[in-house]
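**Q** Next comes the sequence, and after it the predicted model I'd like to discuss.
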Amino acid sequence: MAQQASMEAQILFQTDSESILDKLPPEAKTWAESLPWNQRRYVLSLCHLMCAATPEMQAEFLDDYTATGLVTKRLQDKNTQQRVQEHLKQFQIQLELSETVLRSYIRQFYIHSAQDVSRQPDLYLESALRLVLSTEERNNVFNYILGFELIKMMFSMSWLQHERLYQLQINQEEFLNTYIKPIQYAHRVNGIIVPTSRKKFFERRNYFVQKPNITEKKLIHLVMATFNTDIVTHFGFSIIRHVNSLVFDYEYIFNPEQEGVFT
């Protein structure tokens, strides 16, 4: 009886799961097909739990289960790591890409992806698995880190500094709509910078030059709530691919003596 049940389960596993297993890397497919029935039950139980779990629980599990291996893989990619480190230095961002920082960012990436579920509910687990299985996708960890750190920097700028930054860009309108306007909207709705009368110059100037006062924890929350992982990752990727995709002049942007106002 037990032998018959095992044979039936094996047939079910092979027929119903064939198309799914074909999508696995060859080594993973061979491993899955070689499992005896009692071990296949464990795999099926894990699949059931993952499907039933909330996105936040999935993120926590994936972090616990994969982060150490992903960190090890990323630390082996010295070339990309060094390039991102140089970019961070160029933008005057003080962050050392240590093992601790990488692990923290991998966990954050999972959590950030989980928050994107409301927009793309079917793609979260798929994107997380691609991160584990694909070398190209794992490179996105560094893209994500660079993009996230730059957006954090922009969240910490005054609106005057936003104006100077966007005026340096080749495609000003796209940069303004993609990054600056969403950041300033987040500033307003969270009471970080509250615009006053636009008719009175000095009142307008006061909020325009006001430096946002945001804790690190709140800053991370704001970036994750304002931009999805695709935007953050693409931002970092575009700079790694071509550094001039973001024109940056630290002295000009952060010079307190120059003034301007959005028109």
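**A** Cool, the structure landed.
**Q** Now for the closest residue to A186 other than its chain neighbours, how many residues are close by?
**A** Distances taken as Cβ to Cβ, 6 or more residues apart in numbering place T226 nearest to A186, at 4.9 Å, with adjacent residues excluded. The way it works is simple: take the backbone N, C-alpha and C, and place the C-beta from them, glycine included. Neighbourhood size, T226 [other Cβ atoms under 10 Å]: 19.
**Q** Relative to S104, how far out is T226?
**A** 20 Å (Cβ to Cβ, to the nearest Å).
**Q** do the same with S238
**A** Separation of S238 from S104 (Cβ to Cβ) stands at 23 Å.
**Q** same check, this time on N213
**A** 23 Å.
**Q** Between those two, which has more neighbouring residues?
**A** Set N213 next to S104 and count neighbours by other Cβ under 10 Å: S104 wins out with 15 against 9.
**Q** Which secondary structure element is home to the more buried one?
**A** Per DSSP states H and E: S104 is located in helix 99-115.
**Q** avg pLDDT for that helix?
**A** Helix 99-115 comes out with an average pLDDT of 81.
**Q** so how far is it off the chain centroid?
**A** Counting by Cα atoms, centre = their mean, to the nearest Å, helix 99-115 is centred 8 Å from the centre of its parent chain.
**Q** May I have it as PDB, with CA atoms only?
**A** Once non-C-alpha atoms are left out, helix 99-115 reads as follows in PDB (Å, rounded to 0.1, in the frame of the first residue of the first chain):
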ATOM      1  CA  GLU A  99      30.100  42.100   4.600                       C
ATOM      2  CA  THR A 100      27.800  43.600   7.200                       C
ATOM      3  CA  VAL A 101      26.600  46.300   4.900                       C
ATOM      4  CA  LEU A 102      26.000  43.800   2.000                       C
ATOM      5  CA  ARG A 103      24.000  41.500   4.200                       C
ATOM      6  CA  SER A 104      21.900  44.400   5.500                       C
ATOM      7  CA  TYR A 105      21.200  45.600   2.000                       C
ATOM      8  CA  ILE A 106      20.300  42.100   0.800                       C
ATOM      9  CA  ARG A 107      17.700  41.800   3.600                       C
ATOM     10  CA  GLN A 108      16.500  45.300   2.700                       C
ATOM     11  CA  PHE A 109      16.200  44.300  -0.900                       C
ATOM     12  CA  TYR A 110      13.900  41.400   0.000                       C
ATOM     13  CA  ILE A 111      11.800  43.600   2.300                       C
ATOM     14  CA  HIS A 112      11.600  46.400  -0.400                       C
ATOM     15  CA  SER A 113      10.600  43.800  -3.000                       C
ATOM     16  CA  ALA A 114       7.900  42.600  -0.600                       C
ATOM     17  CA  GLN A 115       6.500  46.100  -0.400                       C
END
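**Q** just checking, what packs against it?
**A** helix 55-76, helix 124-133, helix 135-155, helix 216-226, helix 229-241 (3 or more Cβ pairs under 8 Å, 6 or more residues apart in numbering; DSSP states H and E).
**Q** List the buried residues in the last one.
**A** By neighbour count on 16 or more other Cβ atoms under 10 Å, the buried set for helix 229-241 is T229, D230, V232, T233, H234, F235, G236, F237, I239, I240.
**Q** got CSV for these, with pLDDT and distance to G191 too?
**A** As requested, the buried residues of helix 229-241 are exported to CSV (pLDDT from 0 to 100; distance: Cβ to Cβ, whole Å):
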residue, pLDDT, distance to G191
T229, 90, 26
D230, 90, 28
V232, 96, 24
T233, 93, 29
H234, 94, 29
F235, 96, 26
G236, 95, 29
F237, 93, 33
I239, 94, 31
I240, 89, 35
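**Q** so which of these comes closest to L246?
**A** I239 (5.5 Å; Cβ to Cβ).
**Q** circling back to that earlier point, what's the angle between the helix holding S104 and helix 229-241?
**A** 140 degrees (axes from the mean of the first three to the mean of the last three Cα atoms, to 10 degrees).
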